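Colleague: here is my input; please provide its structure:
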Amino acid sequence: MTAEPDDVTETRTAYDLVAEDYAELLQDDLAESTYDRVMLGAFAELVQRAGGGLVGDLGCGPGRIAGYLAGLALDVVGIDLSPGMVEVARRDHPAIRFEVASMAALPFADGQLAGALAWYSVIHTPEERQDELYAEFARVVRPGGVLLLAFQVGEEVVHLTHAYGHALELHTRRQVPERVRSRLAEAGFTVQAELTRQPVPPEKSPQGYVLARRELD
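Modeller: Sure thing, here's the model as predicted:
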């Protein structure tokens, strides 16, 4: 049996630890995030225009984005590596299905999803394994389906030792938009729109969003 990568263990442990406080601190964040709502609204509209269907929130955390998308009439399922986060998501959004799973091995059949989003969730995977994530996204999103990514923009690997009121160990990796576009193209997606906005305190880096469509076979 292959040993779990250290970064996966670190990420799960950190988010299990902060799950309750993370959910509380960010529960009203979307109400103050115009660009977040704009990109999520565009994603929802594109999914619906393409015929609708199941949408995967990949790295769903406590379910706040899944809950917002459900409010936009999408059929959403959330997955997260952290059992603690999934427990909070199930409690706070009982009408939505949430499962514990890795983004590197998604619990969906080939082409099962009409759309997927990875909302600040590719950021914990080292660069050398991110191609695998994009390939897995392409496997589960049907041709013509939609993918939305959100991430911090930059080159740095940030080592967190304290976050959400807890001492912890967690690494986040800012993303270079050009590299993101290249990975999407290699995996079989075509970029439809891209937005970079300036940071709003306490953010320390620009924030990036990319909407892409799975290429038709």
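Colleague: how about low-confidence regions in this protein?
Modeller: 1 (pLDDT under 70).
Colleague: now the strands for it?
Modeller: 54-58, 75-80, 97-100, 113-119, 141-152, 157-163, 166-173, 189-197, 207-214 (DSSP state E).
Colleague: how about JSON lines for these, with distance to Asp21 and mean neighbour count added?
Modeller: No exception for glycine: its C-beta is placed from N, CA and C like everyone else's. Output for the strands of the chain, formatted as JSON lines (distance: least, CB to CB, whole Å; neighbours: other CB atoms under 10 Å):
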{"stretch": "strand 54-58", "distance to Asp21": "20", "mean neighbour count": "26"}
{"stretch": "strand 75-80", "distance to Asp21": "16", "mean neighbour count": "24"}
{"stretch": "strand 97-100", "distance to Asp21": "19", "mean neighbour count": "18"}
{"stretch": "strand 113-119", "distance to Asp21": "19", "mean neighbour count": "26"}
{"stretch": "strand 141-152", "distance to Asp21": "20", "mean neighbour count": "23"}
{"stretch": "strand 157-163", "distance to Asp21": "9", "mean neighbour count": "12"}
{"stretch": "strand 166-173", "distance to Asp21": "7", "mean neighbour count": "16"}
{"stretch": "strand 189-197", "distance to Asp21": "26", "mean neighbour count": "15"}
{"stretch": "strand 207-214", "distance to Asp21": "22", "mean neighbour count": "22"}
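Colleague: now for those strands, which one comes closest to Gln130?
Modeller: strand 166-173 (8.4 Å; CB to CB).
Colleague: packing partners of that closest one?
Modeller: With contacts taken as 3 or more CB pairs under 8 Å, 6 or more residues apart in numbering; DSSP states H and E, strand 166-173 sits against helix 6-26, strand 157-163.
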